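**Q** got a predicted structure plus its sequence, pasted below:
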Amino acid sequence: MQNDTVKKLVKNGAIWAFIVFQLVFFEVAGQWWSLSDSAFMDADNMLLLLKQSAPIGIIAIGMTVVMINGNIDLSVGATYALAGIVMLDSMNWPFMEAMGDAAIPLAWLFALVTGCVLGLINGVVVWKTGVDAFIVTLGAMLGYRGLVFMYNGENPTYHLNWTMVDIAEADILGLQTPAIVFLAVVLIVWLVMTRTVHGRNAYAIGDNREAAVNAGIRVGPHFVLNFVLIGFLAALSAVAFYSGSGSVNPNDGMLFELWAITAVVLGGTKLTGGRGSIIGTLGGVIAIQLLRKGLGHIGADTETVNLVIGTILIAVLFLDRQLNRKGAEELKV
Amino acid sequence: MTADTPALRLEGIVKTFPGVRALDGVSFSVLPGEVHALMGENGAGKSTLMKVLGGIYQPDAGKIFIDERETEMKGPLEAKANGVMFIHQELSLAQELSVAENIYLGELPRKSFGRVDWDTLYSRTDAILAKLKVGFNARTVVGELSIANQQMVEIARALTVDAKAVIFDEPTASLTDAEKVVLFDVIEDLKRQGVGIIYISHRMEEIFRITDRISVLRDGEYRGTLETAATNEDEITQMMIGRSLDLSRNHEHVELGPVALRVEGLSCGHLFQDATFEVREGEVLGFYGLVGAGRTEIAETLFGLRKPTAGRIILKGEEVTISSPIEAIRKGISLVPESRKEQGLVLGMNCRDNMTLPQVGDLTAGPFVSDGAEISIYDQYRDRLQIKSPSWRTTVGNLSGGNQQKIVIGKWLSMRPEVLIVDEPTRGIDVGSKSEIHNLLRELAKQGYAVIVISSEMPEVLHVSDRIIAMYHGRIMREFTAAEVTEDSLIHAISGIAGDAA
């Protein structure tokens, strides 16, 4: 049983150990081979890293919840783009323009409601039809992306409001708004998953749906709530990002769902549900961003970065599998 | 090879699992052209023995002989290669493939370039099916067949090889009377071809109708072989049960309270019909019957997992409808399900969270779950049920079966139910914990709970119950009080032997 605790520690700590390893490696490699003249573990660099991880990070937190619950959401990238378009386009509406800067919170609200509605649709369809979430959200991914193109064709949607840009680029202690939003989301969702009834039930449903039903848990409403949550977070991510950039391309957010899932899985959440942690996902998000930056730091190009991340993902899952299998055999004895 | 060279002989087979000696030196032999019944209570070791024979388990000691040639069964393929074929109770067919493909799965006849020789495949299959006189052909998709016909496909599969021994495991469990006749004809046929047949069944009438000899297992031990023609039901029953009845039956008089639950004419399609019974506070009501007799289905209906097609449920004098587990729990009906790991526990969660799962919604302080409230419930029921777990943080999947079961029971007790239904309370639990669970169930009754226990193990049901309901084929055959019940009468009632159902 002592073993149990040790194993848990190893599993939960692995991603952080990997992050520390990366930090040291890129620092040393950068200097050793004189590939880069700047230090890697520089405070500004790290703060920037957090900001850059925010868009996918916020979505990955939602993905963690949905995956713990035993589902998956492939439509987040399209939701992200559509929420961004709604936000920026709404600023161009005559009555909104007339309101001046007061329109900003309203534009954010429109975006967030869009995300919630799209999530609600996913959740209700999964609940009421019983079709696998993978299929439902695969359809939604195509459908929502279709809506993105219907909105403005191939053209970008833009609106530049300097107040909004100022808010997006404001910083507290060097942390810019997107990074703050990301960390706040991590904290709140972590509390929800570890301390509330909803979180507890989400784990139970993902681990053993039948036992959860037998314990009198209503599975459907929990599903829906989590899909609404991830829709909301995808929109929040768009709000945090596009407030600063002011322009949405119809292809924005593509592959976000896969990057989010990569981060979640690296962070130790099981694809089959029931196990995972928000803090682990935070680690997964940081690890991926660190890898990108670090490989850039030592002079690798983008293509190499993707190759390395893909390889690491598979290696991590292989190690995890070995670890779990050993655990299972121990149990049998 | 003469007729008295056994087709199959087992010698001193021993198989142990942690905490259980499942087979303890079992020896017996099957002659060619003989139908040999293997009997014993649930848990006597029949399935373990068959798994050893089929190469799924490796015995710790003992030998298997086929035609007096010592043979090691390293796996299912080897069993098949040696001419030992199984007709399983649970079917193992690929539902989307045709009958022919299923029968020759893994050894489809081929033409050049690895192409399947469909003509040969279908003609060979149809030849076999003709022998079985079935109403489908080689091209039929298995998924479209009834369970009985799927069983025929399994039998056809056994006929494709030169079988030395064919094992039928409860083959008639899902067959109609007409289908049984066909099955018995097939067995006769195999017999004439000199195949040795092991026939596992609980149903006495079948045993007497088709078998030549009967071997009995009890608690993993071989108890002897009888000539079918020279024995009777009583003798067999005696051998199967034969224990010195130290499992003292419960006659300790407990003051019974009012009726907690009354069920009138409850039916659910073809699963069970017209169930009428009641259970009082302070009483353990046992349900005994074969697997598939409808006991679990009654429990699931009371717990809101199935919709009754007729009948009334009266809880504490008030008629209620229960359409979901949520409603059942709210009204005070709790179910400890048959399969702990699949239906009862969230294995990846810790002990405390599993125990408080149904009521965690009521244990909040502000928006958050109150750790203190949860731990105090866990501690209370850990002590009361003597759950042995290093800490509440321990993952439930790492506990022993007995302690897991106590967590499930504690989960419901902490909600103070009116009626506690326990389905197979000690399945997969080692002997020591078994009696602990039994005592616990008795103790709960003494404390005034109305307890319903469903079990396939006769000693268990006899030991814990104040009254016993015997079921057969979805119907309540008879109700016994603890004072009047005997093993014989109980076995008769659940085997559907006519005339005894008063």
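**A** Received, thanks.

**Q** which residues does the spatially most central residue of chain A contact?
**A** Centroid check for chain A by C-alpha atoms, centre = their mean gives A:A60 as the closest residue, at 1.7 Å. Taking C-beta atoms under 8 Å, 6 or more residues apart in numbering or on different chains, we find A:A60 in contact with A:259-261, A:263-264, A:267, A:281, A:284-285. For the C-beta atoms, the positions are set from N, CA and C on the backbone; glycine is no exception.

**Q** in the stretch 151-300 of chain B, which residue sits nearest chain A?
**A** Proximity of the stretch 151-300 of chain B to chain A (C-beta to the nearest C-beta) peaks at B:E300, 9.7 Å away.

**Q** can you name the next helix or strand after the one helix or strand that residue maps to?
**A** When secondary structure is defined by DSSP states H and E, B:E300 falls within helix B:295-302. Downstream of helix B:295-302, the first helix or strand assigned by DSSP H and E is strand B:310-315.

**Q** same question for that following strand, mean pLDDT?
**A** In this model, strand B:310-315 has a mean pLDDT of 95.

**Q** check stretch A:99-119 too.
**A** Average pLDDT, stretch A:99-119: 95.

**Q** check which residues of it are buried.
**A** By 16 or more other C-beta atoms under 10 Å in any protein chain shown, the buried positions in stretch A:99-119 come out as A:103-104, A:106-108, A:110-112, A:114-119.

**Q** check stretch A:300-317 too.
**A** A:300, A:305, A:309, A:312-313, A:316.

**Q** check stretch B:327-342 too.
**A** Neighbour counts using 16+ other C-beta under 10 Å place B:328-329, B:331-338, B:340-341 of stretch B:327-342 among the buried residues.

**Q** returning to what we had before: which single one of the buried residues of stretch A:99-119 is nearest to A:F134?
**A** Minimum distance to A:F134 across these is 15.8 Å, recorded for A:G119 (C-beta to C-beta).

**Q** which residues touch residue 185?
**A** This is for chain A. The contact partners of A:V185, by C-beta under 8 Å, 6+ apart, come to A:58, A:61, A:233, A:236.

**Q** chain B was what I was after
**A** B:D185 touches B:K133, counting by C-beta under 8 Å, 6+ apart.

**Q** and what about it, helix, strand or coil?
**A** At B:D185 the chain is in helix, as set by DSSP: H, G, I helix; E, B strand; the rest coil.

**Q** distance of it relative to B:H88?
**A** To B:H88, B:D185 is 20 Å away according to C-beta to C-beta, to the nearest Å.

**Q** again with A:V65
**A** Separation of A:V65 from B:H88 (C-beta to C-beta): 42 Å.

**Q** between those two, tell me which one has more neighbours.
**A** Comparing A:V65 with B:H88 by other C-beta atoms under 10 Å in any protein chain shown, the one with more neighbours is A:V65, at 28 against 16.

**Q** count residues in the vicinity of B:L23, would you?
**A** So B:L23, with other C-beta under 10 Å, has 30 neighbours.

**Q** which residue is the nearest non-sequential neighbour of it?
**A** Closest residue to B:L23 apart from its sequence neighbours, by C-beta to C-beta, 6 or more residues apart in numbering or on different chains: B:K15 at 4.2 Å.

**Q** dump the residue contacts of B:L261.
**A** Residues near B:L261 by C-beta under 8 Å, 6+ apart: B:278-279, B:302, B:313-316, B:333, B:418-419, B:450, B:452.

**Q** give me the three-state assignment for it.
**A** Recorded secondary structure, B:L261: strand (three-state DSSP).

**Q** ok, now A:I135?
**A** Here A:I135 is helix, with the state taken from three-state DSSP.

**Q** quick revisit: secondary structure added to the buried residues of stretch A:99-119, as TSV?
**A** Shown next, in TSV, are the buried residues of stretch A:99-119 (three-state DSSP):
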residue	secondary structure
A:A103	helix
A:I104	helix
A:L106	helix
A:A107	helix
A:W108	helix
A:F110	helix
A:A111	helix
A:L112	helix
A:T114	helix
A:G115	helix
A:C116	helix
A:V117	helix
A:L118	helix
A:G119	helix
